[in-house]
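1. sequence plus the predicted model coming up.
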Amino acid sequence: MNTLRVLSPLSVQHYRRLFAAMVLAVFGQGAWALYLAMQTLELGATPADLSTVVVWSGVGLLLWSLPAGVVADRLPQRTILIGVMTLNAVAAAVTTWLAWSEAVTFWQLGLSAFLIGASTAFFFPAYTALVPTLVEADELMAVNGLEGAARPVIGQAAAPAVIGAVIGASVPPVGGLVITLAFLMAVLCAVGLPVQVRLEKGGREDSRPHPLRDLVGGFAYVARTPWVAVSVVFAAMMGLLVVGPLEVLLPALLREGHENGAAVYGMILAAVGIGGLVGSLIMGSLRTPQHVLPWMIGLWAVGCVPFALVAVTLHPWVLGTGLLVYGALIGAGMVIWGTALQERVPLDYLGRVASLDFFVSIAFMPLSISVTGLLAERLGTGTLFVAAGAGPAAVGLVLLMAWALIRRSRRRPGGNGRGCA
């Protein structure tokens with residue numbers, strides 16, 4: 001294994017610009033979440049007020065995630081990236097100016113959250129579809145390993161830490177100014193990317209189907225491509241089983257079981273992030289497996305097993321080690337998934353497939369969070385953590401068996417042989 005292979009895509013000039021734009025965008029998005037909370041609290045917000053403002057980021061993200069995939073497959077991705085980063089910079093600048101003028105209100109902060117959430121929905125399908133046009137196919141595994149390592153480090157660790165320090169040393173609008181500059185720098189990086197020439201199949205722009213037909217076509221592609229459909233269904237079920245216990249039950253149990261439960265929970269989340277960093281870098285240094293689906297589901301399913309530990313112990317080092325493994329295997333599986341999409345999904349469908357995966361992944365998270373408390377009262381927390389640990393493996397086994405049957409049927413005479421991975 002060549003551990004430096006994961007850095008090789010940075011030797012490509014245009015990809016360096018794209019990677020820099022992604023890093024700056026992720027920094028701005030991660031920092032905005034903290035800035036938004038601090039600026040809202042600065043106005044004397046109650047917890048209810050804060051949730052009312054912050055929720056609009058998720059609304060924008062969820063509402064526009066499917067249309068964003070259609071747009072990514074119809075327009076030049078470079079143009080989309082420039083547009084959404086410009087929108088982010090304008091939203092951040094206007095909100096910062098209003099805050100500095102002491103004229104900002106809750107509804108204005110909520111609007112800015114909606115706009116930046118919506119722009120995030122447009123950014124990643126366009127970014128995913130643009131990458132294969134800038135790097136060689138044999139570099140895609142390294143690209144996804146590098147990005148899988150960079151995104152959580154920048155978005156979940158560096159951005160909140162930097163903006164938190166800036167706000168702590170001054171006032172929230174100064175943090176907003178830093179975020180505005182980050183988005184403007186992302187625009188400059190995207191402007192330097194090559195102009196794309198999109199050749200439509202019919203040779204005429206007006207020959208393109210209606211956007212709604214494009215959207216339906218994306219769903220149809222996923223439905224007739226078993227490895228993509230199985231991956232999306234498994235990710236949705238895994239999120240349904242895991243997100244609620246991780247984000248609702250675990251912090252509550254640690255708060256009750258440890259004198260400094262908040263610090264212990266923070267340590268465990270840090271372990272997840274470190275694991276994701278290591279897993280992404282290692283997997284990005286390897287070659288794409290021949291059969292990506294068993295590898296992905298196997299890594300994700302085994303990675304969830306440590307959640308069952310919570311049913312028997314709350315020892316910080318045991319849980320931290322277990323969730324370090326969880327982060328590493330989830331990160332490694334995500335590298336394979338991103339690479340498989342860019343290698344095997346036709347470019348005409350890539351934006352829609354990426355956005356559909358994104359939509360399904362985030363759509364089930366609120367449901368998991370909302371039902372976890374109710375189920376814990378009826379079934380007990382231990383039962384839910386056992387389900388979070390063992391459930392993905394059971395779901396994965398069923399889905400892999402179904403996938404194997406489909407592959408076998410398509411290998412028979414008369415089968416089309418498509419969609420096997």
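-> Structure's in. What do you need?

2. shaky segments in this structure?
-> Scanning the chain for pLDDT under 70 picks out 1-4, 47, 196-209, 410-421.

3. so what's Thr95 closest to, chain neighbours aside?
-> Computed as CB to CB, 6 or more residues apart in numbering, the closest residue to Thr95 that is not its neighbour in sequence is Ser112, at 4.4 Å. For the C-beta atoms, the positions are set from N, CA and C on the backbone; glycine is no exception.

4. cool, and Leu367?
-> Leaving out its chain neighbours, the residue that sits closest to Leu367 by CB to CB, 6+ apart is Leu240, at 6.5 Å.

5. name the helix or strand for that neighbour, please.
-> For Leu240, the host element (DSSP states H and E) is helix 226-244.

6. which strands and helices sit next to that helix?
-> Contact analysis of helix 226-244 by 3 or more CB pairs under 8 Å, 6 or more residues apart in numbering; DSSP states H and E lists helix 211-224, helix 292-304, helix 316-344, helix 347-379, helix 381-411 as its packing neighbours.

7. now do the fourth one against helix 316-344, angle only.
-> Translated: helix 347-379. Relative orientation of helix 347-379 versus helix 316-344 (axes from the mean of the first three to the mean of the last three CA atoms, to 10 degrees): 150 degrees.

8. circling back: I'd like the helices and strands packed on helix 226-244 as CSV, with mean neighbour count and distance to Ala72 appended.
-> Putting those into CSV (neighbours: other CB atoms under 10 Å; distance: least, CB to CB, whole Å) gives the following:
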stretch, mean neighbour count, distance to Ala72
helix 211-224, 16, 10
helix 292-304, 22, 22
helix 316-344, 22, 12
helix 347-379, 19, 3
helix 381-411, 17, 27
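
9. buried residues in the helix or strand the residue nearest to Thr95 falls within?
-> When secondary structure is defined using DSSP H and E, the element that contains Ser112 is helix 106-134. Within helix 106-134, the residues that qualify as buried by neighbour count (16 or more other CB atoms under 10 Å) are 108-134.

10. right, so of the helices and strands packed on helix 226-244, which gets closest to Val166?
-> helix 316-344 (27.6 Å; CB to CB).

11. now the angle between helix 226-244 and the closest one, please.
-> With the same axes, to 10 degrees applied, the angle from helix 316-344 to helix 226-244 works out at 150 degrees.

12. what angle separates helix 316-344 from helix 292-304?
-> Between helix 316-344 and helix 292-304, the angle formed by their directions is 170 degrees, by the same axes, to 10 degrees.

13. what's the offset of helix 316-344 from the middle of its chain?
-> Centroid separation for helix 316-344 versus its chain: 12 Å, with CA atoms, centre = their mean, to the nearest Å.

14. next: stretch 179-193.
-> Between the centre of stretch 179-193 and the centre of its chain there are 21 Å (CA atoms, centre = their mean).

15. what's the answer for stretch 380-396, then?
-> Stretch 380-396 has its C-alpha centroid displaced from the chain centroid by 23 Å (CA atoms, centre = their mean).

16. which parts of whichever strand or helix holds Pro160 are buried?
-> Counting by DSSP H and E, the secondary-structure element that holds Pro160 is helix 159-169. Judged by neighbour count using 16+ other CB under 10 Å, the buried positions of helix 159-169 are Ala159, Pro160, Val162, Ile163, Val166, Ile167.

17. please tell me I have it right and the fourth one contacts Leu36.
-> Going back to what we said before, that points to Ile163. No. Ile163 lies out of contact with Leu36 (CB atoms under 8 Å); the separation is 10.3 Å.

18. tell me, what's touching these two both at once?
-> Contact with both Ile163 and Leu36 is made by no residue, according to CB atoms under 8 Å, 6 or more residues apart in numbering.

19. ok so, going back, and the angle from the helix holding Leu240 to helix 381-411?
-> Regarding helix 226-244 and helix 381-411, their directions subtend 180 degrees when assessed with the same axes, to 10 degrees.

20. can you list contacts of the helix or strand just after helix 226-244?
-> Scanning forward in sequence from helix 226-244, with DSSP H and E defining helices and strands, the next element found is helix 250-257. For helix 250-257, the external contacting residues (CB under 8 Å, 6+ apart) are Gly261, Ala262, Val264, Tyr265, Ile268, Val310, Leu314, Thr381.
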